[in-house]
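Sequence plus the predicted model coming up.
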Amino acid sequence: MPALGVNIDHVATIRQARRTIEPDPVWAAALAELGGADGITLHLREDRRHIQDRDLRVLRETVQVKLNLEMGATEEMTAIAVDLRPDQVCLVPEKREEVTTEGGLDVIANRDRVAACVERLLAAGIDVSLFIDADARQIDAAYDLRASSVELHTGRYADAANASERDEEFRTLLHAGSHAVQRGLLLHMGHGLTYRNVRRIAAIPHLGELNIGHSIIARAVLVGMTQAVREMKALVSS
Ligand code: PXP
């Protein structure tokens, strides 16, 4: 049964809508832990549209479970990670104009930049995950760079227009996941997963970690953070 990483970015999105101090993602992380989260995930974006540097600093002090920092493969972010030492960094592609992370990191096209970043993070004792599409060539490139894990992008599965497209995307994830495991990489998945579409993904063999954000926070607004995480944890564990 995979670990559940709860992405708290959108708690900060609500706060930043008014540039105020509430709701505090630090409180949300504590409540997520009470609900059974195995990890807390946050994305420090270059434009600081939701999570702020202060959030990462305080969360590093307070989070008791695995702290997973999503970030672009840049000099600035690598320096921050090496300074604050999250348990894991997940390298993601980042475009300023995007609403959320669209597609996986192209490890092949950005090999030198990603390799430099991975090397510095591993040397600092931080596990490195690469957020990539379900593509054997990208998985092989992640393996070559000595990444600890790959997080396969589940957005195409989540956004499939109909059941047969969804089945097709699921099979792609299944095959890519098995390729990653055969390579000796730890297997993670995430993006676009909801209370309705998560069960099939959670049952994929050898899946170690799921990172889920928007759907949990959307439910938390209505039922509370702890309850929302508890409900997702039950689905992921069943
Ligand atoms: N995993 C990664 C690498 C992501 O970039 C995101 C979005 O920040 C997620 C998981 C969570 O996606 P969602 O908010 O759609 O659950």
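Nice, I can see it.

Going by C-alpha atoms from here, please, whenever you check contacts or count neighbours.
Fine.

Which residues are in contact with residue 131?
Going by CA atoms under 8 Å, 6 or more residues apart in numbering, residue 131 touches 90, 91, 92, 93, 104, 105, 150, 151, 152, 153.

Quick check, pLDDT for the residue most central in space within the chain.
With the centre of the chain defined as its mean C-alpha position, the nearest residue by CA atoms, centre = their mean is residue 211, 4.5 Å away. Looking at residue 211, its pLDDT stands at 98.

Also residue 237?
95.

From the ligand, how far off is it?
Separation of residue 237 from the ligand (CA to the nearest ligand atom, to the nearest Å) stands at 17 Å.

what are the phi and psi values for that residue?
Taking degrees, to the nearest 10, you get phi -90, psi -10 for the backbone angles of residue 237.

That one is in contact with residue 2, isn't it?
Yes - assessed by CA atoms under 8 Å, residue 237 is found in contact with residue 2 at 7.3 Å.

So for those two, which sits in the more crowded spot?
residue 2 (22 against 13; other CA atoms under 10 Å).

For that one, which residues are in contact?
Counting by CA under 8 Å, 6+ apart, residue 2 makes contact with 202, 207, 208, 209, 210, 236, 237.

What subset of the residues you listed is buried?
Neighbour-count burial (16 or more other CA atoms under 10 Å) is assigned, among the contacts of residue 2, to 202, 207, 208, 209, 210, 236.

give me every residue that touches residue 44.
Counting by CA under 8 Å, 6+ apart, residue 44 touches 50, 51, 52, 53, 56, 69, 70, 71.

try it again with 10 Å
For residue 44, the contact set (CA atoms under 10 Å, 6 or more residues apart in numbering) comprises 9, 50-53, 55-56, 69-72, 77, 80.

For the contacts of residue 131, pick the one with the most neighbours.
residue 151 (30 neighbours).

sorry, back to before: okay, the contacts of residue 2 in JSON lines with secondary structure next?
Putting these into JSON lines (DSSP: H, G, I helix; E, B strand; the rest coil) gives the following:
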{"residue": "202", "secondary structure": "helix"}
{"residue": "207", "secondary structure": "strand"}
{"residue": "208", "secondary structure": "strand"}
{"residue": "209", "secondary structure": "strand"}
{"residue": "210", "secondary structure": "strand"}
{"residue": "236", "secondary structure": "helix"}
{"residue": "237", "secondary structure": "helix"}
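
And the buried ones among the contacts of residue 2, which is closest to the ligand?
Within these, proximity to the ligand (CA to the nearest ligand atom) peaks at residue 210, which comes in at 7.6 Å.

isn't residue 20 right next to residue 50, touching?
No - using CA atoms under 10 Å, residue 20 is not in contact with residue 50; the gap is 11.7 Å.

intersection of neighbour lists for these two?
Looking at what touches both residue 20 and residue 50 (by CA under 10 Å, 6+ apart), the common residues are 12, 14.

Neighbour count for the two, which is higher?
Between residue 20 and residue 50, counted using other CA under 10 Å, the more crowded position is residue 50 (23 against 11).

re the thing from before, which neighbours do residue 237 and residue 2 share?
With CA under 10 Å, 6+ apart as the test, residue 237 and residue 2 both reach 202, 203.

quick one, what contacts residue 134?
103-104, 150-154, 156, 169, 172-177, 179-180, 189.

same thing but 8 Å
152, 153, 172, 173, 176, 177.

Pull the number of nearby residues for the closest residue to residue 237 other than its chain neighbours.
Residue nearest to residue 237 in three dimensions, not counting chain neighbours: residue 1, with 5.6 Å by CA to CA, 6 or more residues apart in numbering. Neighbourhood size, residue 1 [other CA under 10 Å]: 15.
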